[in-house]
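Undergrad: Sequence and predicted structure are below.
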Amino acid sequence: MKSIAGATAQAAKPKRTIVVCGVPDGLLSDDVMADILMIHFQKGKNKGGDVEDVAYPTSTKGVAYVTFEDERDAENVLRKGDHCLEDKRLPVGYPLKVSSYGKSIFTCVTCILNLSPFGEKYHLESLVQDFKKKFPNLSFGPLQSNGLISVQGPFLAISALQKNILLNIKHSLSEQHVARNLKASDHRPGTRQANSGLSSELKNNFVRNESKEEGLTVALDTDTYLYMITFRDEFYQRILKECGVTSYAAEDGEVTTIYLKSGKTEPGSRPLRCAKDRVEGLLAELYGFLRKERLSHEMSNNSEKRRRERACEMLRSQYPNVLVLLYPTYIDIIGSSLDIYEFARQVNKMMGNVPREPWR
């Protein structure tokens with residue numbers, strides 16, 4: 001049985017752990033990269049201190065967990081903000097983004113954005129630079145010639161970026177609308193607007209929404225959405241019914257978008273605003289306590305994989321508020337910090353090994 005002091009120390013470890021995004025993947029061996037990260041976060045110029053552990057690689061590509069011996073060192077590193085990973089073993093310096101561990105179900109997510117609707121590449125480069133200034137806690141990959149760019153960072157920051165992009169697209173469409181009114185000849189069917197870069201499908205989607213309330217959509221990470229519809233769906237449906245709206249969801253990898261639509265009995269923007277506010281309130285509650293742990297099948301044969309899955313199935317009744325998601329190469333468990341810690345510990349005990357969380 002753990003002592004009170006031991007339990008307190010265990011609970012405090014996440015406060016000493018930071019999430020590092022933007023770690024260059026595949027350049028060096030994992031051990032060497034972990035060593036470079038440890039050296040970086042021990043340097044005084046980086047506001048670091050004694051590092052207890054570096055968890056790398058993790059289940060998320062390009063992400064590491066760094067645990068300091070002193071909570072104040074973690075706070076100082078977070079306060080510094082921007083970091084650049086430099087070492088003689090690396091060809092160039094790599095910008096890193098750091099955030100506190102355990103603030104939400106997703107410490108770090110990765111998404112692919114398509115910026116091609118905004119125009120030519122020279123314009124997109126300046127747009128990306130503008131995004132980098134507005135969202136300093138996000139890590140942006142290289143902009144590809146087709147307008148695709150990889151973005152990594154805290155989910156809430158990516159959600160804010162998504163909203164900013166939607167506003168930019170709507171602004172672009174408004175300018176096109178004015179141009180069409182000024183020059184009727186440009187409104188001929190099949191005529192492409194100059195430098196628009198917007199597909200007809202994208203135009204139609206946003207033109208239809210032009211007169212609607214801005215809060216028509218709610219973006220959230222997919223795991224939170226799955227938890228909500230599994231354990232809080234009755235409450236969610238009651239919100240929609242009481243506000244007089246309907247909804248549907250579109251999953252796009254790690255991000256899910258809920259689309260809200262006014263019902264026939266209560267048209268207008270007020271029901272949408274009501275539903276948006278209440279749904280976001282529900283999500284804020286979930287974000288406040290949900291955490292996720294990943295049980296990897298890596299280095300496991302088919303027999304061990306099936307044993308791990310059976311162990312999770314056996315534990316479901318003991319942990320009724322834990323969501324278990326089975327995937328080909330791993331299992332995600334989602335719930336409160338205590339529940340998923342105990343759940344993962346029990347699974348690993350049944351498997352005959354010891355779990356290694358980033359804060360252990």
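TA: Cool, the structure landed.
Undergrad: And the helix or strand where His123 lies, how far out from the chain middle?
TA: Using DSSP states H and E, His123 sits within helix 121-134. Put simply, helix 121-134 sits 21 Å off its chain's centre (CA atoms, centre = their mean, to the nearest Å).
Undergrad: ok, then the element right after that helix?
TA: strand 139-140.
Undergrad: SS state for Thr60?
TA: At Thr60, secondary structure determined by DSSP: H, G, I helix; E, B strand; the rest coil is coil.
Undergrad: how close does it sit to Val279?
TA: To Val279, Thr60 is 27 Å away according to CB to CB, to the nearest Å. The way it works is simple: take the backbone N, C-alpha and C, and place the C-beta from them, glycine included.
Undergrad: So the two - more neighbours on which side?
TA: Between Thr60 and Val279, counted using other CB atoms under 10 Å, Val279 has the larger neighbour count: 22 against 19.
Undergrad: if we can go back for a sec, just the CA atoms of the helix holding His123, as CSV, please.
TA: Coordinates of each C-alpha in helix 121-134 appear next as CSV, following Å, rounded to 0.1, in the frame of the first residue of the first chain:
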residue,chain,number,x,y,z
LYS,A,121,1.7,29.9,-53.0
TYR,A,122,3.3,33.3,-52.5
HIS,A,123,0.2,34.5,-50.8
LEU,A,124,-0.1,31.3,-48.7
GLU,A,125,3.5,31.7,-47.4
SER,A,126,2.5,35.1,-45.9
LEU,A,127,-0.7,33.6,-44.6
VAL,A,128,1.2,30.9,-42.8
GLN,A,129,3.6,33.5,-41.3
ASP,A,130,0.5,35.4,-40.0
PHE,A,131,-0.8,32.2,-38.4
LYS,A,132,2.5,31.6,-36.7
LYS,A,133,2.4,35.0,-35.1
LYS,A,134,-1.3,34.6,-34.0
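Undergrad: Give me the mean pLDDT for it.
TA: Averaging pLDDT along helix 121-134 gives 81.
Undergrad: what do you get for stretch 330-339?
TA: Across stretch 330-339, the per-residue pLDDT values average to 88.
Undergrad: Pull out the buried residues from that stretch.
TA: Neighbour counts over stretch 330-339 (16 or more other CB atoms under 10 Å) mark 330-335, 339 as buried.
Undergrad: Nearest to Lys292 among those?
TA: Using CB to CB, Ile334 comes nearest to Lys292 of those, at 4.9 Å.
Undergrad: In helices, which of the buried residues of stretch 330-339 appear?
TA: If you go by DSSP state H, the buried residues of stretch 330-339 have Asp339 in helices.
Undergrad: I'd like to know which of the buried residues of stretch 330-339 are part of strands.
TA: Taking DSSP state E, the ones among the buried residues of stretch 330-339 that sit in strands are 330-335.
Undergrad: Just flag the most distant two among those residues.
TA: Of all pairs in these, the most separated under CB to CB is Tyr330 and Gly335 at 16.4 Å.
Undergrad: where in the chain is pLDDT low?
TA: 1-12, 59, 102-108, 120-122, 169-216, 264-268, 353-360 (pLDDT under 70).
Undergrad: any chance you could map the strands in this structure?
TA: Counting by DSSP E, the strands of the chain are 17-21, 51-55, 63-68, 83-85, 94-100, 109-114, 139-140, 148-153, 217-221, 245-252, 255-262, 291-296, 323-326, 330-335.
Undergrad: hmm, back to that, which parts of the helix holding His123 are buried?
TA: By neighbour count with 16+ other CB under 10 Å, helix 121-134 contains the buried residues 124, 127-128, 131.
Undergrad: residues making contact with it?
TA: With CB atoms under 8 Å, 6 or more residues apart in numbering as the test, helix 121-134 has contacts from 115-116, 118, 138, 140, 143, 145, 147, 149, 161, 164, 168.
Undergrad: again with stretch 27-44
TA: Contacts of stretch 27-44 (CB under 8 Å, 6+ apart): 20, 23-24, 46, 48-51, 54, 56-57, 64, 66, 68, 77, 83, 85-87, 89-91.
Undergrad: Drop anything exposed from the residues you listed.
TA: Members of the contacts of stretch 27-44 classed as buried by 16+ other CB under 10 Å are 20, 23, 46, 48-49, 51, 54, 56, 64, 66, 68, 77, 83, 85, 87.
Undergrad: quick one on the thing from earlier: okay if I get the buried residues of helix 121-134 as JSON lines plus distance to Leu323?
TA: Formatted as JSON lines, the buried residues of helix 121-134 follow (distance: CB to CB, whole Å):
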{"residue": "Leu124", "distance to Leu323": "38"}
{"residue": "Leu127", "distance to Leu323": "37"}
{"residue": "Val128", "distance to Leu323": "35"}
{"residue": "Phe131", "distance to Leu323": "32"}
